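J.: structure of the sequence below:
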Amino acid sequence: MRWRSLERLHIVLSLIYIHLDAAGEEFLKSNQTSITYSIKDEKDLKNRGFNVVNTVNYWQESNFLDGTIEGIPAKHGYGFVFKPMGNVMGFYVQLPNEKSLYLSADTIYTNDVEKLLHKYKPDVAVVACGTAQLDLFQPLLMTMEDIVKFSKATQDLWWQTI
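T.: Numbers count the residues shown, from 1 in each chain. Coordinates of the predicted model:
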């Protein structure tokens, strides 16, 4: 995306409960920063004083700036750990005259991630990955195996479009 688009881009949140500290929360509220977020948490965020101007649902296209945004199901962790990690949602964004963008949010590689890659073939993908995990549980993000699968899937898909 070009910088001119980023100047207008408002906040798209995917994990407010885990990653937003008190100072960040206060900054967003005091500046009445426009927020796009999952429809599942709209009521709670508004009750907490956030300026939610747009909500997104899974696999449903919504207006976003001059383009569209669509929620992509995400699963924050393997095994039992994903349940207490809360709602997460990735986003597929299309803006006029810009490359399409997939923001994975905190997710592992799932059938929904693969579906997104085959259905949309995003031009740019920002994927959360690494070795994050809680002491007693399995990884919370895409593992190295997942990143290899993701890379292989995107390489195969993008090569077919050339």
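J.: need the pLDDT of the closest residue to A125 other than its chain neighbours.
T.: The spatial neighbour of A125 that comes closest, neighbours along the chain excluded (C-beta to C-beta, 6 or more residues apart in numbering), is Y102 at 4.5 Å. (Glycine included, C-beta is placed from N, CA and C.) Confidence at Y102, expressed as pLDDT, is 92.
J.: count the residues that sit near the closest residue to G67 other than its chain neighbours.
T.: Closest residue to G67 apart from its sequence neighbours, by C-beta to C-beta, 6+ apart: L95 at 3.8 Å. Neighbourhood size, L95 [other C-beta atoms under 10 Å]: 19.
J.: could you measure from L95 over to A23?
T.: Separation of L95 from A23 (C-beta to C-beta, to the nearest Å): 30 Å.
J.: which residues does the residue nearest to A125 bridge with?
T.: Counting by DSSP bridges, Y102 forms beta bridges with Y92, A125.
J.: who's in contact with it?
T.: When contacts are counted by C-beta atoms under 8 Å, 6 or more residues apart in numbering, Y102 is found next to 72, 90-93, 116-117, 120, 122, 124-127.
J.: what subset of those is buried?
T.: Burial by neighbour count, 16 or more other C-beta atoms under 10 Å: within the contacts of Y102 this picks out I72, G90, F91, Y92, V93, L116, L117, P122, A125, V127.
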